[in-house]
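1. How does the following fold in three dimensions:
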Amino acid sequence: MMTNLFSTFDPTTNLFNLPINWLSSILGLMFFPMYFWFIPNRHMLIWNNTLKYLHEEFKTFSGEFKGATFMFISLFSFILFNNLLGIFPYIFTSTSHLTLTLSISLSLWLSFMIYGWLNNTQHMFAHLIPQGTSYILMPFMVLIETISNIIRPGTLAIRLSANMIAGHLLMTLLGNTGNSFPTFLIFILIFIQILLLTLETAVAIIQSYVITMLSILYSSEIN
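-> Model prediction:
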């Protein structure tokens with residue numbers, strides 16, 4: 001029984017005191033053996049073409065990092081699988097929690113910062129002051145750029161988790177009110193739920209692409 005509306009996202013459901021809910025994060029691995037053991041079907045061909053398109057697009061933004069596109073494609077696939085699996089009933093949406101999203105964004109941001117400050121220190125200092133800034137505004141611009149750089153992992157994590165929570169919360173709210181609706185309104189409610197499910201599918205795909213693209217843009221700034 002839900003104590004409140006947000007308890008839908010509570011990851012405390014367990015079996016033998018084990019957090020079974022978090023196993024949903026690795027359910028996407030079950031889709032990969034099809035690459036190795038079966039002849040590629042239409043779904044696999046569509047997925048392969050999608051990855052090829054993303055590889056070419058990510059390569060234009062990743063800059064001098066050789067092979068970085070494979071890391072970002074893996075990030076895109078991981079977030080996409082978790083977002084889409086969270087739409088299915090009784091599957092825990094791991095990307096709706098800051099535990100996962102902040103771990104991903106913070107680890108990426110720290111690796112970019114450490115690499116940038118160790119290898120391109122002069123460029124990192126120059127990036128704090130935009131070109132053409134007057135001498136009077138330089139201290140303020142350094143402060144603003146520093147703050148905006150520090151909050152980047154938090155904004156990435158909150159953006160993903162908030163978008164995942166918002167749609168699921170609305171679907172849960174409408175679903176819980178269905179018991180009090182008259183019969184003729186149930187069909188309208190089902191139609192609205194189908195529209196919301198379609199919207200959530202689009203949001204899951206778009207957010208995985210947005211998070212990956214923002215990570216690539218942040219990494220390109222340290223070159």
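
2. My guess is I104 contacts L75. True?
-> Yes - with contacts counted by Cβ atoms under 8 Å, I104 reaches L75, the gap being 7.2 Å. Any C-beta I mention is one placed from the backbone N, CA and C, and that applies to glycine too.

3. For the chain, which segments count as helices?
-> Secondary structure of the chain (DSSP state H): helices located at 33-37, 42-61, 68-85, 98-119, 121-127, 138-150, 152-176, 183-220.

4. just the ones you listed: most buried one?
-> Among those, the stretch with the highest mean neighbour count (mean count of other Cβ atoms under 10 Å) is helix 68-85, at a mean of 20.

5. Return the list of helices and strands in contact with it.
-> helix 42-61, helix 98-119, helix 183-220 (3 or more Cβ pairs under 8 Å, 6 or more residues apart in numbering; DSSP states H and E).

6. In contact with Y209, which residues are there?
-> Y209 is in contact with F76, counting by Cβ atoms under 8 Å, 6 or more residues apart in numbering.

7. low-scoring pLDDT stretches of the protein, where are they?
-> 1-20, 22, 28, 31-40, 63-66, 223 (pLDDT under 70).

8. what do you get if the cut-off is 90, keeping everything else the same?
-> Low-confidence segments of the chain, defined by pLDDT under 90: 1-71, 74, 77-78, 81-100, 111-146, 148-150, 161-194, 196-197, 215-223.

9. Let me know which of the helices of the chain is the nearest to S24.
-> helix 68-85 (6.0 Å; Cβ to Cβ).

10. gap between L54 and S208?
-> 10 Å (Cβ to Cβ, to the nearest Å).

11. coming back round to it: how about JSON lines for the helices of the chain, with distance to F92 added?
-> Below are the helices of the chain laid out as JSON lines (distance: least, Cβ to Cβ, whole Å):
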{"stretch": "helix 33-37", "distance to F92": "22"}
{"stretch": "helix 42-61", "distance to F92": "24"}
{"stretch": "helix 68-85", "distance to F92": "9"}
{"stretch": "helix 98-119", "distance to F92": "11"}
{"stretch": "helix 121-127", "distance to F92": "39"}
{"stretch": "helix 138-150", "distance to F92": "31"}
{"stretch": "helix 152-176", "distance to F92": "11"}
{"stretch": "helix 183-220", "distance to F92": "15"}
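
12. Of those, which is nearest L23?
-> Per Cβ to Cβ, nearest to L23 of the helices of the chain: helix 68-85, 10.9 Å.

13. quick one: that closest one to helix 152-176, angle?
-> 20 degrees (axes from the mean of the first three to the mean of the last three Cα atoms, to 10 degrees).

14. between helix 68-85 and helix 183-220, how many degrees?
-> Interaxial angle of helix 68-85 relative to helix 183-220 (the same axes, to 10 degrees): 160 degrees.

15. Find out how far helix 68-85 is from the centre of the chain, if you would.
-> 8 Å (Cα atoms, centre = their mean, to the nearest Å).

16. what's that helix in contact with?
-> Helix 68-85 is contacted from outside by 24-25, 27-28, 31, 51, 54-55, 58-59, 62, 91, 93-95, 100, 104, 108, 160, 164, 201, 203-205, 207-209, 211-212, 215-216, 219, using Cβ under 8 Å, 6+ apart.
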